[in-house]
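Trainee: next one to model:
(one chain, ligands or ions: 2)
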Amino acid sequence: KQLEHLNNQVDNEWVNFNYRINKALLLKKSSRIKNLTAAAEIYKELIEEKTQFHNEILLEYCDLLLIELGMTNDAEILDEIQLYLNELIETAERSKSFWLLAETCLIQAKVSLITLDLTKARRFLIQGQQIAEKQGYKQTAVKFAEEYEDLKSQEHLWENFKVTNAPISERMKLAKISEYMRQMLRNRAKLTTQITEDDFTIHKERKICLVCRGDIKGYMYVCDCDTIYCEHCARALANLENVCWVCDAPMDKTKPVKHYEEEEISG
Ligand SMILES: [Zn+2]
Ligand SMILES: [Zn+2]
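Mentor: Ligands and ions are numbered 1, 2, ... in the order given. Okay, here's the model as predicted:
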């Protein structure tokens with residue numbers, strides 16, 4: 001009897017969980033503030049519970065926050081989104097989910113664009129590409145390279161947004177952030193990650209490249225600030241900005257440092 005009771009309880013929890021997640025999704029589709037607020041309440045509850053669908057729920061909630069951001073142009077919402085993205089990155093790293101890590105870099109690049117920080121946006125695109133290349137995700141690597149080129153060709157638009165202080169909703173449209181968020185959410189299966197305690201202990205002792213977050217085997221570049229880069233990323237950075245992302249010191253001292261702003265003037 002006890003077992004039956006337990007079974008019922010588990011079933012009920014599952015039904016209840018499904019009910020809430022579907023309800024939140026439905027409410028999110030509505031454009032009424034009342035419904036969006038109700039959806040937000042459910043997501044916040046589900047986030048607290050840290051279910052096995054935690055990553056997906058975090059992203060769904062970020063998607064909702066983006067809707068709110070577009071409606072209100074309230075920059076504080078960006079801080080909240082950033083908080084959840086950081087949590088996603090942490091989970092991705094702990095579970096070695098490089099797909100999630102790369103895709104989150106793309107969203108981070110878009111968030112940086114919305115805050116008009118182009119240098120940060122470029123770095124996230126470079127990071128995503130390095131992660132994809134290191135893991136052999138060819139299509140993803142191509143996507144990042146294309147995004148990098150797109151940003152180059154739209155640079156004058158973004159610079160203009162800085163001058164005119166364009167509303168956040170306009171910046172969101174140019175960055176296409178909501179489209180990317182939904183694309184990511186369509187890959188539900190890839191969003192579920194598993195972390196074992198073991199992974200976490202090993203993680204602490206591993207030598208990890210700052211950019212591609214992969215284990216470093218063989219050659220590594222150690223900056224004076226003790227930041228370490230794998231050979232692949234060190235070469236890529238030396239050919240781009242040629243500065244350490246942590247301390248801004250030149251990486252290849254025989255080459256000039258290329259700040260993006262200077263590049264714009266000379267180019
Ligand atoms: Zn690397
Ligand atoms: Zn450094």
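Trainee: could you find the closest non-adjacent residue to residue 171?
Mentor: residue 114 (4.7 Å; C-beta to C-beta, 6 or more residues apart in numbering). Heads up, the C-betas are built off the backbone N, CA and C, glycines and all.
Trainee: ditto for residue 138
Mentor: Residue nearest to residue 138 in three dimensions, not counting chain neighbours: residue 132, with 7.7 Å by C-beta to C-beta, 6+ apart.
Trainee: which secondary structure elements does the helix or strand hosting that neighbour contact?
Mentor: Counting by DSSP states H and E, the element that carries residue 132 is helix 118-135. Packing partners of helix 118-135 (3 or more C-beta pairs under 8 Å, 6 or more residues apart in numbering; DSSP states H and E): helix 98-114, helix 138-153, helix 155-164, helix 231-239, helix 260-266.
Trainee: what do you get if the cut-off is 6 Å, keeping everything else the same?
Mentor: helix 98-114, helix 138-153 (3 or more C-beta pairs under 6 Å, 6 or more residues apart in numbering; DSSP states H and E).
Trainee: got the CA positions of that helix in CSV?
Mentor: Extracted in CSV, the C-alpha atoms of helix 118-135 (Å, rounded to 0.1, in the frame of the first residue of the first chain):
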residue,chain,number,x,y,z
LEU,A,118,30.5,45.3,-30.0
THR,A,119,33.9,44.1,-28.7
LYS,A,120,32.2,41.7,-26.3
ALA,A,121,29.9,40.6,-29.0
ARG,A,122,32.8,39.8,-31.3
ARG,A,123,34.6,37.9,-28.6
PHE,A,124,31.6,35.7,-27.9
LEU,A,125,31.3,34.9,-31.6
ILE,A,126,35.0,34.0,-31.7
GLN,A,127,34.6,31.9,-28.6
GLY,A,128,31.6,30.0,-30.1
GLN,A,129,33.6,29.3,-33.3
GLN,A,130,36.6,28.1,-31.4
ILE,A,131,34.4,25.8,-29.3
ALA,A,132,32.7,24.4,-32.4
GLU,A,133,36.0,23.9,-34.2
LYS,A,134,37.6,22.2,-31.2
GLN,A,135,34.6,19.8,-30.9
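Trainee: related to what we said a few turns ago, in JSON lines, list the helices and strands packed on helix 118-135 along with mean neighbour count, mean pLDDT and distance to ligand 2.
Mentor: Shown next, in JSON lines, are the helices and strands packed on helix 118-135 (neighbours: other C-beta atoms under 10 Å; pLDDT from 0 to 100; distance: least, C-beta to the ion, whole Å):
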{"stretch": "helix 98-114", "mean neighbour count": "23", "mean pLDDT": "95", "distance to ligand 2": "20"}
{"stretch": "helix 138-153", "mean neighbour count": "15", "mean pLDDT": "96", "distance to ligand 2": "23"}
